[in-house]
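Novice: Fold the stuff below for me.
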Amino acid sequence: MIIEEVKILRLKTGEDIVGFVSEIDDMKLNVKYPMVIDNMVMRGVQSFSIGSWLPYQMYKQIDVNLWTNDILFTADITDDFLDYYFKMVDKLEKYILAGEVLDNLKEEEEMIEALEEKELSVVH
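Specialist: Coordinates of the predicted model:
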């Protein structure tokens, strides 16, 4: 059974990502909807933002597999941060769905244009 938990992963690169984490085997983890955490200090106050770690307009998948040796540690997250992450995942899913709808509309337009060209090229 694969159990997914939302976790923060600190990578060897120094990046912190958050996502639905499940273990594939002793050497790999799967992370669904990975988002990078950007820590900021503004006017002496620490804050953060999260954003898509994958450029979803380029990738078809919503998850990545990471080698466990590329991860320094994993951590649980607070309920408030979890709520924020879920809102961002919801926005991302809507973005992905909108892209799929646009792709389908483009395909339909191309089919209609091809049919119209075919009808025009028929000699009576």
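
Novice: how much space between the residue nearest in space to the middle of the chain and residue 109?
Specialist: Averaging the C-alpha coordinates of the chain gives a centre point, and the residue nearest to it by C-alpha atoms, centre = their mean is residue 33 (3.9 Å). Residue 33 sits 30 Å away from residue 109 when distances are taken as C-beta to C-beta, to the nearest Å. C-beta: built from backbone N, CA, C; applies to glycine.

Novice: ok, now residue 94?
Specialist: For residue 94, the distance to residue 109 - C-beta to C-beta - is 22 Å.

Novice: And residue 22, by the same measure?
Specialist: Applying C-beta to C-beta, the value for residue 22 to residue 109 is 39 Å.

Novice: Please say which of those two ends up with more neighbours.
Specialist: Using other C-beta atoms under 10 Å, the more surrounded residue of residue 22 and residue 109 is residue 22, with 16 against 10.

Novice: can you tell me the helix or strand for the more buried one?
Specialist: Counting by DSSP states H and E, the element that carries residue 22 is strand 16-23.

Novice: now residue 30, which residues is it bridged with?
Specialist: Note on residue 30: beta-bridge partners residue 22, residue 65, judged by DSSP bridges.
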